[in-house]
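> Sequence first, then the predicted structure, then my questions.
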Amino acid sequence: MSDDPGSLLARKTWRTLEPLHGMIYFVPEAAGAYARLGITGRAGYFASRAAPMGAVTAEVVIATFFNFNPALVHAAIPSAWEITTPGALVAARLEAVDAAFRRVLGEDVVASAQMSRASELARRLAEVACTQVEGRPLCAGHADLPWPEAPHLALWHAQSILREFRGDAHIALLLTHGLSGIDALVTHSAAGDVPAATLRATRGWPDEDWEAAGASLRERGWLTHGGDPAFTAWGESQRNEIEEQTDLLAAAPYATLGEDGCAELRALCRPWSTAFSELLFR
């Protein structure tokens, strides 16, 4: 990873706070909130995350979510918009966040001065991201939503903006390095971060498509020939370059707080992120 101080600050702070956002894709409160609107299964993920952009087409979701099998998206979008509205899904998502925070962290934490302070700091970061949405469509959609009044919901919303701010830039870098959505998943598995079987299952890619992508990456010099996917020296350097540039493009919001402010935010949020991680990702 980059040794640039701004990039390192962005990565450290994003990684500490990310479970506070990412939990929404796993907690039962989310599935329940979407089901009450008539949206079930994987459609809840696609429709709720896309909802800040409005009633967009499946092709827009495929473009912005990037690494899912398009067939999964077409199964959910646009039919979700015939069942409910984007606004109702945005509200249901916040309802689920509220219930999950209260269940996992407790009422005292939700109402604490520490939560209010963390919300204030995170919002300052996110408001900078909101001024730099060019080329970042998912971030722009989230940035256009009204800020929730409750501090714990504002904290979650801030991290959602920052997460999509980072992710949109990451997708641009994957494309400029010649990687498709499934290519990115295969390289992700080659890095050892997530098992290939998990990535194939959650993103809906058949084995034959996965194998074809691996073969293409071998031919292009990203992966070694034979055995499980593993980077060549050149492939590893390309992946490192993508990660370093992602950190660099994510750095501007965090610079507004600087080292001390981001350290305070991380210290406040770390126990809450740990609580969600231990519950959901162990």
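Ah, there it is.

> secondary structure element for the residue at minimal distance from the centre of the chain?
By Cα atoms, centre = their mean, the chain has its centre lying nearest to Arg163, at 5.2 Å. Following DSSP states H and E, one finds Arg163 within helix 151-176.

> Output the contacting helices and strands for the helix or strand following that helix.
Following helix 151-176 in sequence order, the next helix or strand is helix 181-190 (DSSP H and E). On a contact count with 3 or more Cβ pairs under 8 Å, 6 or more residues apart in numbering; DSSP states H and E, helix 181-190 meets helix 196-203, helix 207-219, helix 233-255. Using the backbone N, CA and C atoms, a C-beta is placed for each residue, glycine as well.

> Centre of the chain to the first one, how far?
Translated: helix 196-203. Put simply, helix 196-203 sits 16 Å off its chain's centre (Cα atoms, centre = their mean, to the nearest Å).

> With the longest one instead?
In this view, helix 233-255 has its centroid 16 Å away from the chain centroid, taken as Cα atoms, centre = their mean.

> before we move on, what about stretch 117-128?
Between the centre of stretch 117-128 and the centre of its host chain there is 18 Å, according to Cα atoms, centre = their mean.

> Next up, phi/psi of the residue located most distally from the centre of the chain, please.
Farthest-out residue of the chain from its mean C-alpha position, per Cα atoms, centre = their mean: Gly226, at 32.0 Å. Per-residue torsions, Gly226: phi 90, psi 140 (degrees, to the nearest 10).

> what's near enough to touch it?
Applying Cβ atoms under 8 Å, 6 or more residues apart in numbering to Gly226 gives no contacts.

> State the distance from it to Ala190.
Per Cβ to Cβ, to the nearest Å, Gly226 is found 13 Å from Ala190.

> One more: Pro206?
19 Å.

> Can you give me the pLDDT of the closest residue to Cys262 other than its chain neighbours?
In space, and not counting its chain neighbours, Cys262 is closest to Thr13: 4.6 Å by Cβ to Cβ, 6 or more residues apart in numbering. pLDDT, Thr13: 97.

> and if you look at Arg282?
Listed pLDDT for Arg282 reads 65.

> what helices or strands is the helix-or-strand element of the chain with minimal mean pLDDT leaning on?
Sorting the helices and strands of the chain by mean pLDDT, DSSP states H and E puts helix 196-203 at the bottom, at a mean of 89. With contacts taken as 3+ Cβ pairs under 8 Å, 6+ apart, helix 196-203 sits against helix 181-190, helix 207-219.

> Show me what the longest one is in contact with.
Residues from elsewhere that reach helix 207-219 (Cβ under 8 Å, 6+ apart): 69, 180, 182-183, 185-187, 196, 200, 223-225, 229, 235.

> repeat for stretch 105-118
101-102, 150-152, 155, 264-265, 268-269, 272, 275.

> how about CSV for the helices and strands packed on helix 181-190, with distance to Phe65 and mean neighbour count added?
What follows is the helices and strands packed on helix 181-190, written out as CSV (distance: least, Cβ to Cβ, whole Å; neighbours: other Cβ atoms under 10 Å):
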stretch, distance to Phe65, mean neighbour count
helix 196-203, 9, 15
helix 207-219, 17, 15
helix 233-255, 17, 18
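
> Skip ahead from the helix or strand Asp108 falls within and say which helix or strand is next.
If you go by DSSP H and E, Asp108 is part of helix 107-110. Going down the chain from helix 107-110, the next helix or strand is helix 113-129, by DSSP H and E.

> what helices or strands is the helix or strand following that next one leaning on?
Once the chain leaves helix 113-129, the next helix or strand it forms, by DSSP H and E, is helix 137-143. Packing contacts for helix 137-143, counted by 3+ Cβ pairs under 8 Å, 6+ apart, involve helix 58-65, helix 113-129, helix 151-176.

> follow-up on the earlier one: please give me every residue in contact with the residue nearest to the centre of the chain.
By Cβ under 8 Å, 6+ apart, the neighbours of Arg163 are 14, 18, 21-22.

> Then Gly258?
Leu9.

> what's the distance between it and Glu264?
10 Å.

> From what I see, the residue nearest to Cys262 and Arg266 are in contact.
Yes. Using Cβ atoms under 8 Å, Thr13 makes contact with Arg266 at a distance of 5.8 Å.
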